[in-house]
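Asks: Got a predicted structure plus its sequence, pasted below:
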Amino acid sequence: MTTPSQASQDLSQQARDAWATAISAPTGDNPSEAPGQGFGQPGKMATPRLSCVALEKSYRKGELIIPVLRGIDLELAPAEFLSVVGQSGSGKSTLLHVLGLLDAPNVGEVHCDGRRIDNLNERQRDTLRNQNFGFIFQSYHLLPELTLLENVISPLAIRHSALTWWTHRKAIHEQAREIIDKVGLGHRVKHRPSELSGGEMQRAAIARALIGQPRVLLADEPTGNLDSTTGQEIMALLASLNELQQLTIIMVTHDERIACQAHRIVRLGEGRVETVSQAA
């Protein structure tokens, strides 16, 4: 008999298989490459987990076209923790949305594990986003009518058909409870968002982002609505995920103290990369 734990592993493998069939065959990562090292040094680069080339993005407001990204080149190593900083309007959130396929570039390319992904059809993009990216939004975006547990399992509910959902629902609920316990909310599984504090809602959003076992976690101002103590707790959780699970993380933040807790810092200005530096 298949145990819930084994079934949970099967779900993860199904996601990886779907990714492999949706895109062309991968090129290999270099496991000896340290996170964030070797980039910009010819001959020393692992295959980037996530990258973009000559990325441009504009928005139309009436007759006016507003350029936001103006030729961004960026590479994110496997298991790297990258911070993106810059003034309001510099293009930080737009960059995150384009990298995560929430928005499409006007010019340029986005690659994941050596494969171009921005030119996939809509169904392939949806599948890739659901199975390989985890998103943490500043405003949480939890569904108010659902309990914490139901919010966390929602990405897997979307991933599965009605038949496979009922087949694997026990394993999915067990997997969700394990993740909820890891973020310290085991006592809140039946509570709705309105009954949670800001820090608890952010932890719930992190659990939801992790349920699909993503390759990349994209976090938009994950501490922006939190007090400094709770913000540091969230950062400690993200750092632990990066170190222990080798999760690749790209985080947008306006807080320089928060940004310095990543491996590297990318500074944007007027839609361009101004500097790339190792964090202190």
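Replies: Good, I have the coordinates.
Asks: what residues are up against A262?
Replies: Applying C-beta atoms under 8 Å, 6 or more residues apart in numbering to A262 gives the contacts F81, L82, S83, I249, M251, A279. Yep, even glycine has a C-beta here, placed from its N, CA and C like the rest.
Asks: just the buried members of those?
Replies: Buried by 16 or more other C-beta atoms under 10 Å: F81, L82, S83, I249, M251, out of the contacts of A262.
Asks: Would you mind listing the two of these that lie farthest apart?
Replies: S83 and I249 (9.0 Å; C-beta to C-beta).
Asks: related to what we said a few turns ago, of the buried ones among the contacts of A262, which is the nearest to Y59?
Replies: M251 (23.1 Å).
Asks: residues contacting the closest one?
Replies: Residues in contact with M251, defined by C-beta under 8 Å, 6+ apart, are F81, L82, S83, V84, L218, A219, D220, P222, L238, I258, A259, A262.
Asks: For it, which three-state class applies?
Replies: Three-state call for M251 (DSSP: H, G, I helix; E, B strand; the rest coil): strand.
Asks: list the buried ones in stretch 188-197?
Replies: R188, V189, R192, P193, L196.
Asks: Same check on stretch 227-237?
Replies: Those would be T230, G231, E233, I234, M235, L237, for stretch 227-237 by 16+ other C-beta under 10 Å.
Asks: Same check on stretch 110-129?
Replies: Quick answer for stretch 110-129 (16+ other C-beta under 10 Å): 110-115, 117-118, 120, 124-125, 127-129.
Asks: now the end-to-end length of that stretch.
Replies: Criterion C-alpha to C-alpha, to the nearest Å; first-to-last residue distance in stretch 110-129 is 13 Å.
Asks: again with stretch 102-121
Replies: Stretch 102-121 end-to-end distance (C-alpha to C-alpha) = 13 Å.
Asks: Repeat that for stretch 246-261.
Replies: Counting by C-alpha to C-alpha, the terminal residues of stretch 246-261 are separated by 16 Å.
Asks: buried sites along that stretch?
Replies: L247, T248, I249, I250, M251, V252, T253, D255, I258, A259, Q261.
Asks: and of the residues you listed, the nearest to S90?
Replies: Using C-beta to C-beta, the buried residues of stretch 246-261 come closest to S90 at V252, 10.0 Å.
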